[in-house]
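mind looking at a prediction? Sequence and model below.
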Amino acid sequence: MIVETLHITKALVMDILDKASLPHLIFLLISAYWILCQFAPNRNPTLPGAPIVGKRLWLEPTFLQRWRFVFHARDILSDGYAKYKDKPFVVRKLNGDVTIMPMRYLTETRLLPESVLSFKFALSKFFLPEQMNLNWIKTSERDPNMLKMKLTPEISRFIEMTRQEMEQTLPTTMPKPTSWTVVDVQSAIRTIIARMTTRAFMGHPACDDPEWVKMSIDFTPQLLSTVFAVSPFPAWTHSILTRLLPSRYRTLQRMRYCSELVAARIEARRGGKTPPDDCLLDYMLDHGGADDVYETGQRQCMLALASNHTTAAAAINFLFDLCAHPEYFSILRDEIASVTAAHGRPGSPGVDVKTWLHALEKMDSFLTESLRHTPAILTIPQRQAMRDIVLQDGTLIPAGARIAFPSYWHTHEAKPTLRDPDVFDGLRYYKLRRGEGGDPMRYRSVQVDADHMMAFGYGSQACPGRHFATSQVKLLVARLLEEWDFAWPDGLEKPDIGYFEENTLLDPGHKLKVRLRGAEPGHETH
């Protein structure tokens, strides 16, 4: 009976598909999607009474509001902030509702521990932990602790590793044209950053493995493609839908490949073929990572996602902003020369690369301003309430609610603390540090300061790898500025930033004109 029913159902479906026109099929798919959405439970609670922003019509279906946020997140967030500046409001994302909080709650929520207001749980929902075998991401403290206890305290040693890797990678990655030539600088920077990061995280031979370098760069878009493809649908459908996506299998393939590299590292350590404390992977293996090789490979992939993509984007945006404001080229090059004269060249005997980078105050100011204008995400920090929370003024954050703060504020509304916040001023933070009453230890790119920039989050759960990331950016950009000239191709200027939901996107098609410094002026080539 069951078999006959299946055959009849199959025949009906095939008959419909044979006879249906393309408009009919599109209508059926939209109808099926709408029906599935109606069976979806409330994605997550929001603050009582908080208005929804982005809704245009009274009877407008929720899924239209979610899709509108995908393509118009910046406009929706700015409209909501302008209308409800001192009140919470709700935006509807594909994977659930998020309450955008006024900045006045930032300090109070910063003091709440992870067990009460969690970054990990807010993040884990985004990465489909059940479908991608990443359940450990919800509760594990191993990776943040590793970055805090190993990477940051030994930052000089790790940055020197990456500097050496950068010098080995540049000759084969950055062309050396003697006349202006249009170059895919974005691709070059992603490759260099990936190798620098892999050297610190996984050591040799992983950083020299072109297959893994390519995979580590590609891991982020493959995982995010899977996430975004199923996010519009109810959570109960995700286990089925993800199994239909080639991007999921490519993501899992990269995790398996990385696990093989971890296993090879373990064997090399046993045979004494590698130094015992050569990279962060060694630290992971010494602290439980050898117990589950596959999970350790997953962790390395997630570290690559967190570091490669955002660090490369920061370096690319730095160069784009320089080309948009070319008056800063000479300022930064003069500072690099001055610092090198005072401290020596990185890589020379007795030169501490951390001290050298710290002395690049104008470059750090430019990086901070670039991050302020082009944050990786428009809503940061993000948290999920693990239980009901009552703030000092009586505001209730119900258990399960996700909250976030608008980075838009720092670009357009921070007038009490920043003069002309909508203007790009590459020396803004240098002048704040050096001006009358300025604090030389404040206003740096690594600091999480509610008054000027929160690109790395805020509070105790801020990004633990930010010192490493900003050091990589400054090290690479300084090296590039020493040897190459950069400019926009004739007739082009800095492109508008794209967004997918609250995430900023760089158009990979945008290139720059490049030539070796000191070369004779020449015609632009392609």
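Structure's in. What do you need?

how about residue 347, nearest residue that isn't a chain neighbour?
residue 163 (6.5 Å; C-beta to C-beta, 6 or more residues apart in numbering). (C-beta placed from N, C-alpha, C; glycine too.)

give me every residue that touches that neighbour.
346-347, 353, 475 (C-beta atoms under 8 Å, 6 or more residues apart in numbering).

dump those into JSON lines; add distance to residue 254 as well.
Formatted as JSON lines, those follow (distance: C-beta to C-beta, whole Å):
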{"residue": "346", "distance to residue 254": "32"}
{"residue": "347", "distance to residue 254": "33"}
{"residue": "353", "distance to residue 254": "31"}
{"residue": "475", "distance to residue 254": "27"}
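
of the residues you listed, the lowest pLDDT goes to which?
Least confident entry in the contacts of residue 163, by pLDDT: residue 347, with 90.

for the residue at minimal distance from the centre of the chain, which non-adjacent residue is closest in space?
Geometric centre of the chain, nearest residue: residue 310, 3.9 Å, by C-alpha atoms, centre = their mean. Leaving aside its sequence neighbours, residue 310 sits nearest to residue 376 (C-beta to C-beta, 6+ apart; 5.1 Å).

contacting residues around that neighbour?
So residue 376 contacts 310, 313-314, 455, 503-504 (C-beta under 8 Å, 6+ apart).

for the stretch 1-150 of the chain, which segments count as strands?
According to DSSP state E, counting those that start in this stretch, the stretch 1-150 of the chain carries its strands in the segments 89-93, 96-100, 117-118.

and the first one, which residues are buried?
Along strand 89-93, these residues count as buried under the neighbour rule (16 or more other C-beta atoms under 10 Å): 89-93.

quick check: of these, which lies closest to residue 48?
residue 90 (10.9 Å; C-beta to C-beta).

circling back: most widely separated two among the contacts of residue 376?
314 and 503 (14.2 Å).

with neighbour numbers in mind, choose between the two.
It is residue 314, of residue 314 and residue 503, that has more neighbours when counted by other C-beta atoms under 10 Å, with 26 against 15.

how far away is the closest residue to that one other than its chain neighbours from residue 484?
Of all residues not flanking residue 314 in the chain, residue 473 sits nearest, at 5.0 Å (C-beta to C-beta, 6+ apart). Computed as C-beta to C-beta, to the nearest Å, the residue 473 to residue 484 distance reads 16 Å.

help me confirm that residue 294 comes into contact with residue 256.
Yes: at 7.5 Å, residue 294 and residue 256 qualify as touching, with contact defined as C-beta atoms under 8 Å.

so for these two, which sits in the more crowded spot?
residue 294 (15 against 12).

state whether that one is indeed within a helix.
Yes: if the criterion is DSSP: H, G, I helix; E, B strand; the rest coil, then residue 294 is within a helix.

all helices for the stretch 401-526 of the chain, in order.
According to DSSP state H, counting those that start in this stretch, the stretch 401-526 of the chain carries its helices in the segments 408-412, 428-434, 466-483.

next, format those as TSV and append distance to residue 173 and mean neighbour count.
Shown next, in TSV, are the helices of the stretch 401-526 of the chain (distance: least, C-beta to C-beta, whole Å; neighbours: other C-beta atoms under 10 Å):
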stretch	distance to residue 173	mean neighbour count
helix 408-412	32	19
helix 428-434	30	20
helix 466-483	11	22
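
go ahead and confirm residue 387 touches residue 399.
Yes: counting by C-beta under 8 Å, residue 399 is a contact partner of residue 387 at 4.9 Å.

ok, the contacts of residue 163 vs residue 491, which is closest?
Using C-beta to C-beta, those come closest to residue 491 at residue 475, 32.2 Å.

which non-adjacent residue is nearest that closest one?
Residue 475 sits nearest to residue 163 (C-beta to C-beta, 6+ apart), 5.9 Å away.

appreciated, that's everything.
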